[in-house]
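A.B. asks: dropping the sequence and predicted coords here.
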Amino acid sequence: MKNKLATIGVTLGIGMFAFAAAPSLAAEQSATPGSFSANVSLTSEYYFRGLSQTDDAPAIQGGFDYEVPLAKPVALYLGVWGSNVDFNEGAGVDGATIEIDYYGGLKGNVGDSGVSWDVGFIYYSYPGADSSLDYDFWEAQAALGYDFGIASVTASVNYSPENFGESGAAFYPKLAVDVPVPGVKGLALSGHVAKQYIDKEGVFGSPDYLEWNFGVGYSVLGFDLAVNYTDTDISPSADANDAMVLFTI
């Protein structure tokens, strides 16, 4: 999650689909508690919290998820997700070409009140990266949401005691909104505003910054299509990307 700044971006997405297992495997899984799913996508550029992770290059991404219900209405979830990355001008100068994230936690609802919650962790790893750069780090996360019917709102926060590249403690509060479009099944508006706080700004490469993302999504035949606008309040620099359109399949 190198801080290669992308000041303006638009995203068109197609992907994140679950696959169907062969009949024998499906029968086997029916006797196993919980459910498995998988996702895969191809994107013209990978962004993380408003910052480019692939230096203007495309990315292939995908992951696996497992969820099992515990005491109703609480569920345990575990997952792994990966993407190619490039934090330099030119491939793999620092040895980092892949990001693999491991995550897990508990989530649930508070009866029929419309309130939902989620607590968990994420471990970001960069196999092959120069170990002296200390790219690997982990975050604890917590989220609380409420479904108003016409829209759902989620407030979340992520905290890391030692952020990417030993840039110190990091704090990332976010407020997100999802609004289903009436009369059009699968169509929804979404957006979030968040702020990334970094203890050692000089090490990270930028000061604390605000980032936002707004868009529209459409789910059809197991595919998710989305168009998003993303931006930050970091002052433009020679390292910044120009405005661009990103495609994801």
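C.D. replies: In hand now; what should we look at? No experiment lies behind these values; they were computed from the predicted model shown.
A.B. asks: need the pLDDT of the residue nearest to A129 when sequence neighbours are not counted.
C.D. replies: Using CB to CB, 6 or more residues apart in numbering and skipping the chain neighbours, the partner closest in space to A129 is A96 (3.8 Å). For every residue, glycine as well, the C-beta is placed using N, CA and C. Looking at A96, its pLDDT is 90.
A.B. asks: which strand residues bridge the spatially most central residue of the chain?
C.D. replies: Geometric centre of the chain, nearest residue: F48, 7.0 Å, by CA atoms, centre = their mean. F48 forms beta bridges with L51, as assigned by DSSP bridges.
A.B. asks: quick check: the gap between it and E99.
C.D. replies: According to CB to CB, to the nearest Å, F48 stands 9 Å off from E99.
A.B. asks: for the chain, what are the low-confidence residue spans?
C.D. replies: Applying pLDDT under 70 to the chain flags the ranges 1-31, 89-92, 237-249.
A.B. asks: all helices for it, in order.
C.D. replies: 23-30, 201-204 (DSSP state H).
A.B. asks: my guess is the residue nearest to A129 contacts Y135. True?
C.D. replies: Yes: the criterion here is CB atoms under 8 Å, and A96 meets it with Y135 at 6.1 Å.
A.B. asks: between those two, what contacts are shared?
C.D. replies: Counting by CB atoms under 8 Å, 6 or more residues apart in numbering, the common neighbours of A96 and Y135 are Y126, A129.
A.B. asks: and the closest residue to F171 other than its chain neighbours, what is it in contact with?
C.D. replies: Spatially, and ignoring its direct neighbours in sequence, F171 is nearest to Y197 (4.2 Å; CB to CB, 6+ apart). Y197 makes contact with A170, F171, Y172, D208, according to CB under 8 Å, 6+ apart.
A.B. asks: is the third one bridged to anything, and to what?
C.D. replies: Beta-bridge partners recorded for Y172 (DSSP bridges): N158.
A.B. asks: got a list of what it touches?
C.D. replies: Contacts of Y172 (CB under 8 Å, 6+ apart): R49, E139, V157, N158, Y159, A194, K195, Q196, Y197.
A.B. asks: do the same with the second one
C.D. replies: F171 makes contacts with V157, N158, Y159, Q196, Y197, as judged by CB under 8 Å, 6+ apart.
A.B. asks: with the last one instead?
C.D. replies: Taking CB under 8 Å, 6+ apart as the criterion, D208 is in contact with K195, Q196, Y197, I198, E201.
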